[in-house]
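**Q** here you go, sequence then predicted model.
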Amino acid sequence: MARHSTTRRGMVLGAAATGAALALPAAALAQAKPALVGPLAPNPAEFNRQIAQFTRGATPQADGLLLDVPVLADNPSAVPVKARVTLPITDKDWCEEIIVLADLNPSPLACRLQFTALTGTAEAAVRVRLSQTQTIHALARMKSGKILAARQTVTVAASGCGM
């Protein structure tokens with residue numbers, strides 16, 4: 001009878017070594033990316049200024065604005081973003097303005113749309129270029145002064161601003 005030199009211990013060690021070898025590329029990819037610098041660097045001061053200018057000191061509420069953005073952006077040069085006010089639009093209270101911001105883009109303000117009472121609805125569909133994985137913010141200002149806010153984090157596969 002032939003004797004096999006493979007033991008259970010040898011098989012376990014071989015499987016562990018194979019698993020470690022397969023995990024190595026994933027560990028290398030999971031390392032932190034270097035921070036963007038120069039013209040591609042995030043501009044948090046401008047992002048905060050845009051928020052403050054739009055809200056005028058009012059506290060945004062989370063209800064009333066629907067934001068539809070993909071969680072994973074296959075093409076960071078043209079990420080579809082849809083924002084829609086879900087509150088009733090009346091002749092006494094309507095959405096005056098919607099802005100869309102990308103918090104880590106070098107120029108955070110991606111879109112600004114204004115509406116009138118005759119519009120009947122307040123919704124926008126745009127494509128935004130993203131420099132890196134970040135959060136998309138949408139803010140809407142109602143005629144009554146109420147500020148609506150929504151946000152969604154988007155993971156990008158590659159940088160869109162440096163292309």
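**A** That came through, no problem.
**Q** nearest residue to residue 153 other than its sequence neighbours?
**A** residue 135 (4.9 Å; Cβ to Cβ, 6 or more residues apart in numbering). C-beta coordinates here come from the backbone N, C-alpha and C atoms, glycine included.
**Q** check residue 82 too.
**A** Residue 82 sits nearest to residue 68 (Cβ to Cβ, 6+ apart), 4.0 Å away.
**Q** show me what contacts the one you found?
**A** Applying Cβ atoms under 8 Å, 6 or more residues apart in numbering to residue 68 gives the contacts 80-84.
**Q** tell me how far it lies from residue 127.
**A** 13 Å (Cβ to Cβ, to the nearest Å).
**Q** just residue 45 next, same as before
**A** For residue 45, the distance to residue 127 - Cβ to Cβ - is 26 Å.
**Q** again with residue 60
**A** 24 Å.
**Q** more neighbours: those two, which one.
**A** Set residue 60 next to residue 127 and count neighbours by other Cβ atoms under 10 Å: residue 60 wins out with 19 against 12.
**Q** can you pull the contacts of that one?
**A** 139, 147-149.
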